[in-house]
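Colleague: how would this look folded up:
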Amino acid sequence: MYNLTSVPQSLMTNPGADFKYRYYFGVPLLSGMSFKVGSSGFSTYDLFANDGVNFNQKLRNAVYSTNRNDHLAINEQIEIFNGGIKLGDWLEDKGYLSFGMYQEFDFWSYMPKDVVVLALDGNQNYIGKSFNLSDLSAKAEMLSVLHVGYHKNVSEKLIVGARGKIYFSGFNATSTRNSGYIVTRPSNTTMYEQIISSDLELRTSGISKYTADNYNGDVATDVRKQLLFGGDLGLGFDLGFTYYPKKNTQITASILDVGFIRHTKDVENFTYKGYYKYEGINPGFTDLDDPGSVYSDFQDAVKSDTLYNKYTTWRPIKLNASYQYSYGISTEEDCVCTAMEKRYKNAVGAQLFMMSTPRLPITALTGFYQRNFSDKLQLKATYTLDSYSYTNIGLGLSANLGLFNMYFMADNLLAYRDVSKAKSLSFQFGFNFIFKDSNEPPY
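Modeller: Got it, this is the predicted structure:
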């Protein structure tokens with residue numbers, strides 16, 4: 001999608017994209033739909049392959065092959081409405097205004113390797129090992145975003161743009177600031193010394209009313225109401241530019257979703273904090289109702305609590321940058337263009353993508369080839385190196401049938417031979433009506 005400027009939605013990945021149409025509007029609820037899923041650790045096939053290996057063993061093999069920075073990510077977006085219009089007339093360019101609203105679901109979880117290994121194997125073979133509770137790191141959120149963008153050609157070589165955003169959070173669950181450890185080690189006074197140090201927290205908003213015993217509403221309806229101006233509010237912005245050092249050479253960059261959401265409604269936070277030390281072979285968490293039992297001592301030392309403090313979350317910031325070299329000027333039969341705006345038939349280049357996460361940023365490097373068969377049909381082929389795959393080949397298509405524009409894009413096409421082995425899949429499509437600009441007077 002990035003910098004495929006025959007598609008209006010390219011303005012959502014770079015508000016300073018070189019988009020030259022008079023105005024456009026998207027088909028409501030169908031102008032932009034996308035879905036992405038990625039697992040950097042293991043695939044579905046690793047767990048459910050029909051290879052005669054016991055599932056428990058396959059689960060262990062999959063867990064052992066990961067590290068704490070492996071992750072699972074899911075993202076879904078649906079545009080509710082989208083449009084844009086050029087300001088000024090054929091003689092004076094006053095910039096371009098775009099606007100719209102979309103719904104987004106985002107889930108991110110790191111692999112809690114130490115915690116899963118402890119749950120699967122226990123501590124018998126791990127005397128002296130400290131199991132790290134900070135491996136527990138996950139977040140999920142559904143929100144809607146109302147946005148308005150503006151971009152302008154400040155010179156023949158430079159286009160700059162910005163987009164303001166208002167976030168409406170439907171619900172949020174965040175647990176990314178955990179710490180602590182569980183360790184069993186030899187003791188000087190008894191055989192073993194077992195320590196649990198816990199500082200865990202799960203922060204939620206917009207969820208507790210659905211889990212209450214007296215809730216009798218419809219979850220889907222109520223979440224939809226919160227997404228449409230009823231949830232927690234936040235603010236954000238995007239910035240971007242396109243620069244032409246030469247007519248056939250292009251440099252672009254953008255920064256997206258620099259923003260926050262302040263969670264104040266239906267807030268419920270769960271904490272599990274404390275320090276517990278037991279000397280002996282087995283704590284024996286039995287006799288749960290006995291006030292003098294080991295379990296009672298543990299509960300007194302490591303306490304669970306429910307708080308109602310407001311909190312703030314930050315959106316994952318995304319960075320894009322690209323370089324593109326174009327060649328092969330189209331003939332008049334290929335393109336209905338002015339003499340000053342000849343469309344190039346071919347383009348090659350590279351794009352860098354980065355996104356912030358609760359730990360290390362994720363990166364992806366893409367090489368691409370773009371072919372403009374005419375002003376009605378464009379194709380873009382990509383090869384991407386990222387944390388999910390070294391064989392990620394993608395394809396994008398944008399086609400115009402009169403005023404009607406349609407686009408389809410997908411990544412990791414080789415994985416569709418057996419999607420169970422894929423560590424990442426993504427696709428997007430949409431439908432718009434686009435009205436071309438004119439550099440001539442309307443008479």
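Colleague: Going by C-alpha atoms from here, please, whenever you check contacts or count neighbours.
Modeller: Will do.
Colleague: so is Leu118 in a helix, a strand, or just coil?
Modeller: helix (DSSP: H, G, I helix; E, B strand; the rest coil).
Colleague: remind me which residues of the stretch 251-400 of the chain are low pLDDT?
Modeller: Residues of the stretch 251-400 of the chain meeting the criterion pLDDT under 70: 280-293, 330-342.
Colleague: list the contacts for the residue positioned nearest the centre of the chain?
Modeller: The centroid of the chain falls nearest to Asn75 when counting by Cα atoms, centre = their mean (5.0 Å). The neighbours of Asn75, taking Cα atoms under 8 Å, 6 or more residues apart in numbering as the test, are Phe35, Lys36, Val37, Glu104, Phe105, Asp106, Phe107.
Colleague: Next, the buried residues of the helix or strand encompassing Phe435.
Modeller: Counting by DSSP states H and E, the element that carries Phe435 is strand 424-436. Going by neighbour count (16 or more other Cα atoms under 10 Å), the buried part of strand 424-436 is Ser424, Leu425, Ser426, Phe427, Gln428, Phe429, Gly430, Phe431, Asn432, Phe433, Ile434, Phe435.
Colleague: now do stretch 346-362
Modeller: By neighbour count with 16+ other Cα under 10 Å, stretch 346-362 contains the buried residues Asn346, Ala347, Val348, Gly349, Ala350, Gln351, Leu352, Phe353, Met354, Met355, Thr357.
Colleague: Can you classify the last one as helix, strand or coil?
Modeller: Per three-state DSSP, the secondary structure class of Thr357 is coil.
Colleague: Surely Ser98 and Leu87 touch.
Modeller: No - applying Cα atoms under 8 Å as the test, Ser98 and Leu87 come out as separate, 10.4 Å apart.
Colleague: can you list the weak-confidence ranges in the stretch 51-200 of the chain?
Modeller: For the stretch 51-200 of the chain, applying pLDDT under 70 flags the ranges 90-91, 190.
Colleague: Would you map the strands across it?
Modeller: For the stretch 51-200 of the chain, the strands defined by DSSP state E, counting those that start in this stretch cover 71-88, 93-110, 130-132, 138-153, 158-175, 179-186, 192-205.
Colleague: Quick one: buried ones out of the contacts of Asn75?
Modeller: Taking 16+ other Cα under 10 Å as the criterion, what is buried in these is Phe35, Lys36, Val37, Glu104, Phe105, Asp106, Phe107.
Colleague: biggest separation within the residues you listed, which pair?
Modeller: Largest separation among those by Cα to Cα: Val37 and Glu104, giving 13.6 Å.
Colleague: List the residues that contact Lys165.
Modeller: Under the criterion of Cα under 8 Å, 6+ apart, the neighbours of Lys165 are Val145, Leu146, His147, Val148, Leu235, Gly236, Phe237.
Colleague: Oops, could you answer that again for Tyr272 instead?
Modeller: Contacts were defined as Cα under 8 Å, 6+ apart; by that measure Tyr272 touches Ser198, Asp199, Leu200, Glu201, Val302, Lys303, Ser304, Asp305.
Colleague: Next: Phe404.
Modeller: By Cα under 8 Å, 6+ apart, the neighbours of Phe404 are Phe431, Asn432, Phe433, Ile434.
Colleague: make it 6 Å
Modeller: Asn432, Phe433 (Cα atoms under 6 Å, 6 or more residues apart in numbering).
Colleague: Same check on Pro28?
Modeller: Pro28 is in contact with Ile80, Phe81, counting by Cα under 6 Å, 6+ apart.
Colleague: Please repeat the previous calculation with a cut-off of 10 Å.
Modeller: By Cα atoms under 10 Å, 6 or more residues apart in numbering, the contact list for Pro28 reads Ile78, Glu79, Ile80, Phe81, Asn82, Gly83, Gly430, Phe431, Asn432.
Colleague: Reformat those residues as a markdown table; add distance to Asp386.
Modeller: Below are the contacts of Pro28 laid out as a markdown table (distance: Cα to Cα, whole Å):
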| residue | distance to Asp386 |
| --- | --- |
| Ile78 | 25 |
| Glu79 | 26 |
| Ile80 | 30 |
| Phe81 | 31 |
| Asn82 | 30 |
| Gly83 | 32 |
| Gly430 | 25 |
| Phe431 | 29 |
| Asn432 | 31 |
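Colleague: and the gap between Thr357 and Phe107?
Modeller: 11 Å (Cα to Cα, to the nearest Å).
Colleague: Give me the buried positions along stretch 18-25.
Modeller: Result for stretch 18-25 [16+ other Cα under 10 Å]: buried residues Asp18, Phe19, Tyr21, Arg22, Tyr23, Tyr24, Phe25.
Colleague: what's around Asn50, how many residues?
Modeller: For Asn50, the tally of surrounding residues (other Cα atoms under 10 Å) stands at 10.
Colleague: and Ala220, what element?
Modeller: According to DSSP H and E, Ala220 maps onto helix 219-225.
Colleague: For that helix, what does the pLDDT average out to?
Modeller: In this model, helix 219-225 carries a mean pLDDT of 77.
Colleague: if you skip the residues just before and after it, what's nearest to the most far-flung residue of the chain relative to its centre?
Modeller: Within the chain, the residue lying farthest from the chain centre (Cα atoms, centre = their mean) is Thr189, at 51.2 Å. Leaving out its chain neighbours, the residue that sits closest to Thr189 by Cα to Cα, 6 or more residues apart in numbering is Glu279, at 8.0 Å.
Colleague: and Tyr45, helix, strand or coil?
Modeller: Under three-state DSSP, Tyr45 falls in the helix class.
Colleague: Could I get the pLDDT score of it?
Modeller: Looking at Tyr45, its pLDDT reads 91.
Colleague: was I right about it contacting Ala415?
Modeller: No - assessed by Cα atoms under 10 Å, Tyr45 is found out of contact with Ala415, at 11.9 Å.
Colleague: Looking at these two, which one has more neighbours?
Modeller: Per other Cα under 10 Å, whichever of Tyr45 and Ala415 has more neighbours is Ala415, with 18 against 15.
Colleague: Please look at the more buried one and Ile393 and confirm they touch.
Modeller: Yes - shown here, Ala415 and Ile393 form a contact pair, counting by Cα under 10 Å, at 9.2 Å.
Colleague: Tell me where the stretch 201-350 of the chain has strands.
Modeller: 232-246, 249-263, 267-279, 302-307, 311-314, 318-329, 344-355.
Colleague: could I get these as CSV with distance to Leu158?
Modeller: Listed next are the strands of the stretch 201-350 of the chain as CSV, based on distance: least, Cα to Cα, whole Å:
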stretch, distance to Leu158
strand 232-246, 5
strand 249-263, 10
strand 267-279, 45
strand 302-307, 51
strand 311-314, 30
strand 318-329, 14
strand 344-355, 19
